[in-house]
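In: Got a sequence here, can you build the structure:
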Amino acid sequence: MSPDPDTTPLAPRSANCPVCQGEFIPQPRQIYCSPRCKSAAHRLPPAAPAAHTCPVCHGTFTANPRLRQVYCSPNCRRDAEKQRNQARDEQRAIRLGEQPARPAPAPASVPARPEEALTPTAIRNCPHCDQPVTIVALLATPEAARPSITNRVPDITPLRRTP
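Out: Below is the predicted model of the structure:
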């Protein structure tokens with residue numbers, strides 16, 4: 001029986017040490033061939049700034065190539081993070097079978113006539129006089145305006161001012 005091509009172990013990949021250019025087989029996340037090359041790399045003079053391109057605003061900026069600076073400013077970094085989070089949330093919503101959340105629509109424009117701005121949006125006719133009543137008037141009931149205090153426990157009495 002022949003071996004399955006998917007289960008054959010991969011041969012270790014060799015790498016070159018950036019200090020001595022020697023070839024070695026690295027462990028995970030290993031960059032240098034030995035501790036001596038690692039300490040020598042830390043004693044190297046600082047690298048000259050290199051030109052990079054920001055992936056958000058496509059502007060050019062200079063940065064130390066040894067640092068992992070990707071964005072030209074904190075604002076571009078925040079914008080990229082916002083885009084990644086939005087894409088992640090949309091993918092999650094699609095995976096769960098929900099509608100992706102969309103940003104809130106822009107506010108409606110200001111009405112051209114001032115009387116349109118004063119017109120209530122939700123109205124109902126008064127049962128007594130058949131005049132329109134705004135929703136604010138419907139929410140403030142007489143019971144809400146004057147709550148009654150019930151004395152269910154006989155030893156609690158409401159506070160009163162004494163002269």
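
In: so who does the nearest residue to residue 53 once chain neighbours are set aside touch?
Out: Take residue 53 and drop its neighbours on the chain: the residue closest to it by CB to CB, 6 or more residues apart in numbering is residue 60, 5.6 Å away. C-beta coordinates here come from the backbone N, C-alpha and C atoms, glycine included. Going by CB atoms under 8 Å, 6 or more residues apart in numbering, residue 60 touches 51, 52, 53, 54, 72.

In: How about residue 50?
Out: Residues near residue 50 by CB under 8 Å, 6+ apart: 62, 63, 64, 65.

In: out of those residues, who's nearest residue 92?
Out: Within the contacts of residue 50, proximity to residue 92 (CB to CB) peaks at residue 63, which comes in at 33.2 Å.

In: shouldn't that closest one be in contact with residue 52?
Out: Yes - contact between residue 63 and residue 52 holds when scored by CB atoms under 8 Å: they sit 5.6 Å apart.

In: and for those two, which residues touch both?
Out: With contacts defined as CB under 8 Å, 6+ apart, the residues adjacent to both residue 63 and residue 52 are residue 69.

In: just the strands in this protein please.
Out: Counting by DSSP state E, the chain has these strands, from start to end: 15-16, 23-24, 50-53, 60-63, 123-125, 132-134.
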